[in-house]
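Novice: Return a 3D structure for these sequence lines:
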Amino acid sequence: RSEGTPNLKVFHPIIAAWSLCGEKLGPDRVKEWIDQISLLGMKPDLDLQVAYFVAVEKWQSKLIANLQGNNNDRIDCALVEESADGSSDGDIESLFKAAQNCTRYLKEITSDENRQDIADLDAFTSMLCYSIKAWSRASESAHLLPDGSSLLDTTQGVKEMANILKLIRTSNHIQNTVDVDEALVNAAGKVYTEFISQLCKLDSTRNENSDNNERCYFADRIADVESSLRSYEYHSRRLASDGKLLPESNDIRHNLYRETLRGCAGVKLSTDFGHMMRICTLIMDCLSWHHAQTREHGSSKEAEDVTDVYSDIAIISGTCVKNPYERMNVLRSIYDRASDFFPKKNPHHESSYARVDRAALLGSMRRSLGDSEMT
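Specialist: The predicted structure is shown next:
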């Protein structure tokens, strides 16, 4: 350290204590200490600034516990209108304000171009995921209110979650497709998975607290879901074609597929079924491409079981394709595409990318056909 300037590590315990306290002052105190560090001529790295988002999570968790303690089904609107003079914002409004502050601080950090380098990527990914979850928690709390009782809008919260995706898509490195790095592609995959996971969580919460179960946030944001899948796959294929994609990336990719299919399975409106089948087809296209790529270049990792992915697609087809003859054709296509991953008599002919249990898939296909005479 320079003469008269304290070591950055001196501040870590103080900031950590405030970030974990779970109190309303926690996020503000963390931000004040980070600002003080900057005034002392030191540059707080993103690892240190993640503490702010942790503080928000702890504070929001405490608020949600308070709400659930008040009433397991609904809360009194007085919680939102607790005070007209601003002395107390109410628990739900505080949840939304905390999420807004996360987005504001995230934009403040990303406005500094020097922040977005690979060395800070893990911390940056954590910030994005924390911010998505902050908006999800706020949106989830709004479902506890009687319909139309508040200006707090779950739809706005979901929109803010989608806006956070743009921060990783528009970062300097993701735009530079010539120099895209595996770490950044994996980071994007984690952020996209978190976004989709929180959409699924919100849909589940809404179904528990509303008589109208047809509306689906996942379906409402299907354009963002599909864009995320295609963006991730585009950069993933670039790396795989250059031999730069490590086998560990498969876990992130398959988790993204699984969460996406979980969202598809929750869609109930027939007008959305075509979109769900398109997403299912896209995922199968991706799996087939990576199978062919691995077959050409080989893999140092044991093939992962993706039986659940194809089984989920088969079950979703049973919901989305109403005509039994069309459904049978769709299921036959799913079976044919999954057959690349079936065990083979000659082990040398088996896929080194993934594997599928044929019997388990056939069971899912039978459930998909239901009472059809073609079963």
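Novice: Could you list the low-confidence segments of the stretch 201-350 of the chain?
Specialist: 209-214, 246-247, 297-300 (pLDDT under 70).
Novice: Swap in 80 and give it another go.
Specialist: Applying pLDDT under 80 to the stretch 201-350 of the chain flags residues 206-215, 242-248, 295-301, 345-349.
Novice: The stretch 1-150 of the chain now?
Specialist: Along the stretch 1-150 of the chain, the parts satisfying pLDDT under 80 run over 1-7, 67-91, 110-121, 142-150.
Novice: how about a cut-off of 70?
Specialist: Within the stretch 1-150 of the chain, the segments meeting pLDDT under 70 span 1-6, 69-89, 112-119, 144-150.
Novice: For it, just list every one of the strands.
Specialist: Counting by DSSP state E, counting those that start in this stretch, one finds no strands in the stretch 1-150 of the chain.
Novice: Please, where are all the helices along it?
Specialist: 12-20, 25-39, 46-70, 91-110, 121-142 (DSSP state H, counting those that start in this stretch).
Novice: Leaving out chain neighbours, which residue sits closest to residue 308?
Specialist: Using C-beta to C-beta, 6 or more residues apart in numbering and skipping residues adjacent in sequence, the residue nearest residue 308 is residue 258, 6.9 Å away. The C-beta positions use only the backbone N, C-alpha and C, and glycine is treated the same way.
Novice: any idea which element the one you found lies in?
Specialist: When elements are assigned from DSSP states H and E, residue 258 belongs to helix 249-265.
Novice: what's that helix in contact with?
Specialist: Residues outside helix 249-265 that contact it (C-beta atoms under 8 Å, 6 or more residues apart in numbering): 182, 185-186, 189-190, 192-193, 196-197, 199-200, 203, 218, 225, 228-229, 232, 236, 239, 276, 279-280, 283, 286-287, 290, 301, 304, 306, 308-309, 312-313, 315-316, 319, 353-354.
Novice: swap the cut-off to 6 Å and go again
Specialist: Applying C-beta atoms under 6 Å, 6 or more residues apart in numbering, the contact partners of helix 249-265 are 186, 189, 192-193, 196-197, 199-200, 218, 276, 279, 283, 304, 309, 312, 316.
Novice: who wins for neighbours among those residues?
Specialist: Compared across those, residue 199 has the highest neighbour count, 30 neighbours, by other C-beta atoms under 10 Å.
Novice: any idea how far it is from residue 155?
Specialist: For residue 199, the distance to residue 155 (C-beta to C-beta, to the nearest Å) stands at 12 Å.
Novice: thinking again about what came up before, please work out which of the helices of the stretch 1-150 of the chain is packed deepest.
Specialist: helix 121-142 (a mean of 24; mean count of other C-beta atoms under 10 Å).
Novice: CA-only coordinates of that one in CSV, if you can.
Specialist: Output of helix 121-142 as CSV, limited to C-alpha atoms (Å, rounded to 0.1, in the frame of the first residue of the first chain):
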residue,chain,number,x,y,z
LEU,A,121,-16.4,-11.6,-14.5
ASP,A,122,-17.4,-14.0,-11.6
ALA,A,123,-18.3,-11.0,-9.4
PHE,A,124,-20.2,-9.3,-12.3
THR,A,125,-22.2,-12.5,-12.9
SER,A,126,-23.1,-12.6,-9.2
MET,A,127,-24.3,-9.0,-9.3
LEU,A,128,-26.5,-9.7,-12.3
CYS,A,129,-28.0,-12.9,-10.7
TYR,A,130,-28.5,-11.1,-7.3
SER,A,131,-30.3,-8.2,-9.1
ILE,A,132,-32.6,-10.6,-11.0
LYS,A,133,-33.5,-12.3,-7.8
ALA,A,134,-34.1,-9.0,-6.0
TRP,A,135,-36.8,-8.1,-8.6
SER,A,136,-38.2,-11.6,-8.4
ARG,A,137,-38.6,-11.4,-4.7
ALA,A,138,-40.3,-8.0,-5.0
SER,A,139,-42.6,-9.3,-7.7
GLU,A,140,-43.4,-12.4,-5.7
SER,A,141,-44.5,-10.3,-2.8
ALA,A,142,-47.0,-8.4,-4.9
